[in-house]
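Chemist: okay, sequence plus prediction incoming.
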Amino acid sequence: MGLFDFLKVAGEDEITEKVDVSQDRINALRKENIAKKIAALDIDGEKISVSVNGEVATVTGTAPSQEALEKIVLCAGNQHGIGQVDCQIEVDAPPAAETAAPAAPAPDAAPAPAGESTFYEVKSGDTLSAIAKAHYGNASKYTVIFEANRPMLSDPDKIYPGQKLRIPPL
């Protein structure tokens, strides 16, 4: 997938105690925090390894979908102190049953998202509604962006400058 840039001073700084520690210890703490955030995504079937070297987090393994891969990258990159994510994750091939001709969707079913999402860096003064208006032409589609970024976002009003968000295709 490649290397993604992030603003390393963005994200929640969950470290409240100031002590002198080695870079190896900082790397280990960031790795543990990223692994915990990825586990909180509760993605079935992901097999991910994380390593951290300074401001670069490397994620390797497999994910069950493009959406899961994108959420994992954002989980790693939206951490304080991480400036880049080197994504070496591959998306699992769908089982043979899924590659057969798809059944007709239910009339009230939303169309399945296709392709990769766009990543957007939040700027000062942005709201999810304004971002939705710019990307989808409709401010009320902010819920699509909010849901695409759960559980990284817990409230649609809590976004911050420098944070990266997934903007899925409609």
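Modeler: Everything's here; your move. Just so it is clear, the structure is predicted and the values come from calculations on it, not from any experiment.

Chemist: now do the end-to-end distance for stretch 163-170.
Modeler: For stretch 163-170, the first and last residues are 22 Å from each other (Cα to Cα, to the nearest Å).

Chemist: touching that stretch from outside, list them.
Modeler: Surrounding stretch 163-170, the residues in contact under the criterion Cβ atoms under 8 Å, 6 or more residues apart in numbering are 4, 6-7, 10-11, 67, 70-71, 74, 77-78, 111, 113-122, 131, 135-136, 141, 144-145, 148-149, 153, 159. C-beta coordinates here come from the backbone N, C-alpha and C atoms, glycine included.

Chemist: and residue 22, how many neighbours?
Modeler: Taking other Cβ atoms under 10 Å as the criterion, the count of residues near residue 22 is 8.

Chemist: any idea how far it lies from residue 140?
Modeler: Using Cβ to Cβ, to the nearest Å, residue 22 is found at 49 Å from residue 140.

Chemist: ok, now residue 131?
Modeler: Following Cβ to Cβ, the distance that separates residue 131 from residue 140 is 12 Å.

Chemist: these two: which is more packed in?
Modeler: The neighbour count for residue 131 versus residue 140, taken as other Cβ under 10 Å, is higher for residue 131 (20 against 10).

Chemist: hang on, that one is in a strand, isn't it?
Modeler: No. Assessed with DSSP: H, G, I helix; E, B strand; the rest coil, residue 131 is helix; it does not lie in a strand.

Chemist: my guess is it contacts residue 120. True?
Modeler: Yes. With the criterion set as Cβ atoms under 8 Å, residue 131 and residue 120 qualify as a contacting pair; they are 6.2 Å apart.

Chemist: what segments of this structure are helices?
Modeler: Ranges of helices in the chain, per DSSP state H, are 23-40, 66-77, 96-99, 128-136, 142-148.

Chemist: domain map for the protein?
Modeler: Under the assignment named as automatic domain parsing, the residue ranges that make up the domains of the chain are 1-100, 113-170.

Chemist: in JSON lines: the helices of the chain, plus distance to residue 84 and mean pLDDT.
Modeler: Rendered in JSON lines, the data for the helices of the chain read as follows (distance: least, Cβ to Cβ, whole Å; pLDDT from 0 to 100):
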{"stretch": "helix 23-40", "distance to residue 84": "13", "mean pLDDT": "93"}
{"stretch": "helix 66-77", "distance to residue 84": "8", "mean pLDDT": "93"}
{"stretch": "helix 96-99", "distance to residue 84": "33", "mean pLDDT": "47"}
{"stretch": "helix 128-136", "distance to residue 84": "23", "mean pLDDT": "96"}
{"stretch": "helix 142-148", "distance to residue 84": "22", "mean pLDDT": "95"}
